[in-house]
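# Give me the fold of what follows.
(2 chains)
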Amino acid sequence: MLVGRYQQPMLRLARSFVPSQAVAEEAVQDTWLGVVRGIERFEGRSSFKTWLFQILVNRARSAGSREHPSAPIESLHTVDPARFDAHGQWADPLEPWPEESEDRLEAATWLPILKSALDDLPSRQRQVVMLRDVEGLSNDEVCGVLGISGGNQRILLHRGRTRLREILEAELKKG
Amino acid sequence: MLLLRRKDIVCQQAVELVTDYLEGALSRRDRRRLETHLRACSNCAAYLEQIKITIQLTGAIEPDDLTPEARSDLIDVYRRWRSE
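Presented below is the predicted three-dimensional model:
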């Protein structure tokens, strides 16, 4: 069912624009109403999913700006400088991860960790990673949905993916 | 002391290029420099592999089942829509 498929991703995306779960839920509800009313206007120029997320981002953004006028400042997060020596080379060798088929990278084990790591990303990184890597939108589609440039999208994607890798690495080290 | 030719990049630079690399957004020159580095550096090659695995695993996140609250919200939405 269409609604069931998109409900959670939409909530997660909406939540990154607004200060509370309740406001996010409202934005998602408004989106479905917008979809129902506007379905005749959907011309198939983009995929349904892209159109849906576009409506959601518009609703969530206006709800977010009502409740939370200033956007939070994001810290610059790339690879931890402490991992490198004075020459910019890895201070300690990087351990290759086990093959995905092995137990330690079993999806069932990692998905909860990855999901909570995704929820903890700064909102703009989370938006881009969700749309690109979870929903599988193209870079052009993500730029369109979020109204950002390609370069900006890549920076956010880079920071988000870097952080998720770091979380997985830390979990693997725990064994 | 390590002497670097100007065209070489170091690990700390290489890891910051991986997303642009995977997105096909590097200039031809930077792409060549990175690939040269990756061939020579097993750590950075492992890093790139880990980023790819991370992307794969992120892609395996599925929407959760609807919570009872979300389900009743949707029923409300449907009722509002019917009554308009």
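
# Number of residues surrounding the closest residue to A:Trp51 other than its chain neighbours?
Leaving aside its chain neighbours, A:Trp51 sits nearest to A:Phe42 (5.7 Å; criterion: C-beta to C-beta, 6 or more residues apart in numbering or on different chains). From N, CA and C alone the C-beta is placed, and that goes for glycine too. A:Phe42: 13 surrounding residues under other C-beta atoms under 10 Å in any protein chain shown.

# Quick check: pLDDT value at A:Phe42.
The model reports A:Phe42 with a pLDDT of 72.

# in terms of contact, does it touch A:Lys49 like I think?
No. Using C-beta atoms under 8 Å, A:Phe42 is not in contact with A:Lys49; the gap is 11.4 Å.

# Just the buried residues of stretch A:17-33, please?
A:17-18, A:23-33 (16 or more other C-beta atoms under 10 Å in any protein chain shown).

# Which of these fall in helices?
A:Val23, A:Ala24, A:Glu25, A:Glu26, A:Ala27, A:Val28, A:Gln29, A:Asp30, A:Thr31, A:Trp32, A:Leu33 (DSSP state H).

# Among the residues you listed, which ones lie close to chain B?
Subset of these in contact with chain B: A:Glu25, A:Val28, A:Gln29, A:Trp32, A:Leu33, counting by C-beta under 8 Å from any C-beta of the partner chain.

# coming back round to it: could you check the distance from the residue nearest to A:Trp51 over to A:Thr50?
A:Phe42 sits 10 Å away from A:Thr50, going by C-beta to C-beta, to the nearest Å.

# Over to B:Cys41?
Counting by C-beta to C-beta, the gap from B:Cys41 to A:Thr50 is 38 Å.

# Now do residue 48: how many residues are near it, please.
No chain specified, so I'll use chain A. 13.

# my bad, chain B
19.

# tell me which residues in the one helix or strand it maps to are buried?
Element membership of B:Leu48 [criterion: DSSP states H and E] is helix B:42-59. Neighbour counts using 16+ other C-beta under 10 Å place B:43-48, B:50-51, B:53-55, B:57-58 of helix B:42-59 among the buried residues.

# Now render those residues as a markdown table, adding pLDDT.
Formatted as a markdown table, the buried residues of helix B:42-59 follow (pLDDT from 0 to 100):
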| residue | pLDDT |
| --- | --- |
| B:Asn43 | 96 |
| B:Cys44 | 97 |
| B:Ala45 | 96 |
| B:Ala46 | 95 |
| B:Tyr47 | 96 |
| B:Leu48 | 97 |
| B:Gln50 | 94 |
| B:Ile51 | 96 |
| B:Ile53 | 91 |
| B:Thr54 | 93 |
| B:Ile55 | 94 |
| B:Leu57 | 88 |
| B:Thr58 | 88 |
